[in-house]
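Trainee: I would like the atomic coordinates for the input below:
(one chain, ligands or ions: 1)
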Amino acid sequence: MRRLKNMQLSQRIQSVQSPVIPIVGDLVRATPGAISLGQGVVSYPPPPQAAAYAARYASAGDHTYKPVQGIGELLAALRAKHLAENGFDAGRDRAIVVTAGGNMGFMNAVLAIADPGDEIILPTPYYFNHEMAVAIANCKAVLVPTDERYQLRPAALRAAITPRTRAIVTVSPNNPTGAVYSQAALREVNQICRDAGIYHISDEAYEYFTYDGAESFAAASIQGSAGHTISLYSLSKSYGFASWRIAWMVVPEHLLTAVKKIQDTILICPPVICQHAALGALEAGRGYCEEQMPALRAARSIVMNELESLGQRVVVPRADGAFYFLVRVDTDLAAMTVVERLVREYGVGVLPGETFGIDGCALRVAYGALTPSTAAEGISRFVRGLKGIVQ
Ligand SMILES: Cc1ncc(COP(=O)(O)O)c(C=O)c1O
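Mentor: Presented below is the predicted three-dimensional model:
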């Protein structure tokens, strides 16, 4: 169909990278029998209480809009969660805003605090949707590499601050690296932000997923952090809620009106039936997620043991959190080329490092959705494939 002269894509959206998960997903689907180590999801469903609460709400028959910020019962339950588990009061000098997923929380945050041309500092490798959100807001992502273990380099983050910087983003436990940042490093970043008068956006979507004694740390629990810390949480991973789209932000009180303006315009209110389901999930509580951990730990051990057999041309930095490993491969091939060959020739899908903003050949292996048997088969294909392609 012919396009009229002014019917073109905005410059803004043309500058945004295309999400890679659907591309690899299509490749995997087009390859019979392929196993995906690609998407960052868990295999388990929400707890039964979630469906029970949703059904009860559906039959109650109130289908009107509800508050922009989220329903009162859920806001209260989330405040209680943070008091009990994270050591901060999200109702004092801060406010909770329920969103339709953590990605929306991040977009809300960027739109609330940054103007076109402003800078947001992202440690690399970054979570690709963060970089995309910054671009969609016409802001500039300033990329600061982490160290060879994928840990934060606070001094480098400080050095990257300019008069246009509005925030530093941290994700711990991390997607795509699986790294868990130390409490000391997160405290340092939070203090750097405070000193510079910028925000610390702390994405804690994977807070429950840690291994081998590592612990995630809530930036909002830091004394004096209330005025400049934006924390993002989600039920997607911990409660198997990926398609139910419930997450939340904890924002400084002074940002509440701005965030509500954005959310009112984009969403009006988070889906109310899912907010009731979330109440059911929180009633089941963290214990539900803990019950799932043995299977995840088993899949992780299988993956880790197999990766160790890869030898010197493949580096697998320590990953004590989330459900990812980001392996670095010593080859001149582009990561996407290796990904395509792994799917087509070896029947296994992983994500290429390019999409996380890093040079060189790196591949993200996700094990959250695997059972021990698919983990064993998937990772052995991956290892065989890498040996065949690069060794
Ligand atoms: C670091 C991080 N933040 C946020 C999200 C988005 O989660 P959701 O929008 O489903 O809450 C993801 C999903 O992969 C993630 O890895």
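Trainee: Show me which residues of the stretch 101-250 of the chain are close to the ligand?
Mentor: Proximity of the stretch 101-250 of the chain to the ligand (CB under 6 Å from any ligand atom) is limited to residues 101-103, 127, 171, 175, 203, 205, 234, 236, 242, 247. Using the backbone N, CA and C atoms, a C-beta is placed for each residue, glycine as well.
Trainee: Among those residues, which ones are in helices?
Mentor: 102-103 (DSSP state H).
Trainee: Kindly list the longest helix within the protein.
Mentor: Longest helix in the chain by number of residues (criterion: DSSP H): helix 286-308.
Trainee: mind listing the strands for the protein?
Mentor: 35-36, 94-99, 119-124, 140-145, 165-171, 199-203, 229-234, 247-252, 314-315, 324-329, 348-349, 351-352, 361-366 (DSSP state E).
Trainee: Could I get those in a markdown table, plus columns for distance to residue 215 and mean pLDDT?
Mentor: A markdown table is the format used below for the strands of the chain (distance: least, CB to CB, whole Å; pLDDT from 0 to 100):
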| stretch | distance to residue 215 | mean pLDDT |
| --- | --- | --- |
| strand 35-36 | 29 | 92 |
| strand 94-99 | 22 | 98 |
| strand 119-124 | 20 | 98 |
| strand 140-145 | 24 | 98 |
| strand 165-171 | 15 | 98 |
| strand 199-203 | 15 | 98 |
| strand 229-234 | 16 | 98 |
| strand 247-252 | 19 | 98 |
| strand 314-315 | 25 | 92 |
| strand 324-329 | 18 | 96 |
| strand 348-349 | 31 | 95 |
| strand 351-352 | 26 | 95 |
| strand 361-366 | 22 | 95 |
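Trainee: For the nearest residue to residue 16 once chain neighbours are set aside, which residues are in contact?
Mentor: If the residues on either side of it in the chain are set aside, residue 16 comes closest to residue 135, at 4.6 Å by CB to CB, 6 or more residues apart in numbering. Residue 135 makes contacts with 12, 15-17, 141, as judged by CB atoms under 8 Å, 6 or more residues apart in numbering.
Trainee: re the thing from before, pull out the buried positions in the longest helix of the chain.
Mentor: Under the neighbour-count criterion of 16 or more other CB atoms under 10 Å, helix 286-308 has 288-289, 292, 295-296, 298-300, 302-304, 306-307 buried.
Trainee: What distance do you get for the residue nearest to residue 16 to the ligand?
Mentor: Distance from residue 135 to the ligand, counting by CB to the nearest ligand atom, to the nearest Å: 16 Å.
Trainee: Could you do residue 325 as well?
Mentor: Residue 325 is 14 Å from the ligand, where distance means CB to the nearest ligand atom.
Trainee: Any chance of the strands of the chain in a markdown table with mean neighbour count as columns?
Mentor: Below are the strands of the chain laid out as a markdown table (neighbours: other CB atoms under 10 Å):
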| stretch | mean neighbour count |
| --- | --- |
| strand 35-36 | 22 |
| strand 94-99 | 25 |
| strand 119-124 | 24 |
| strand 140-145 | 17 |
| strand 165-171 | 24 |
| strand 199-203 | 26 |
| strand 229-234 | 26 |
| strand 247-252 | 26 |
| strand 314-315 | 18 |
| strand 324-329 | 22 |
| strand 348-349 | 27 |
| strand 351-352 | 25 |
| strand 361-366 | 24 |
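Trainee: Quick check: nearest residue in space to residue 54, chain neighbours excluded?
Mentor: residue 277 (4.2 Å).
Trainee: Can you give me the pLDDT of the one you found?
Mentor: Predicted confidence (pLDDT) at residue 277: the value is 98.
Trainee: Any regions of the stretch 101-250 of the chain where pLDDT drops low?
Mentor: Across the stretch 101-250 of the chain, not a single residue meets the criterion (pLDDT under 70).
Trainee: coming back round to it: report the inter-axis angle for the longest helix of the chain versus strand 324-329.
Mentor: What separates the directions of helix 286-308 and strand 324-329 is an angle of 10 degrees, with axes from the mean of the first three to the mean of the last three CA atoms, to 10 degrees.
Trainee: so what secondary structure elements neighbour helix 286-308?
Mentor: strand 324-329, helix 372-390 (3 or more CB pairs under 8 Å, 6 or more residues apart in numbering; DSSP states H and E).
Trainee: Highest mean neighbour count across those, which stretch is it?
Mentor: Among the helices and strands packed on helix 286-308, strand 324-329 has the highest mean neighbour count (mean count of other CB atoms under 10 Å), at a mean of 22.
Trainee: That strand pairs with which strands, parallel or anti?
Mentor: Strand pairing for strand 324-329, determined by DSSP bridges: strand 314-315 (antiparallel), strand 361-366 (antiparallel).
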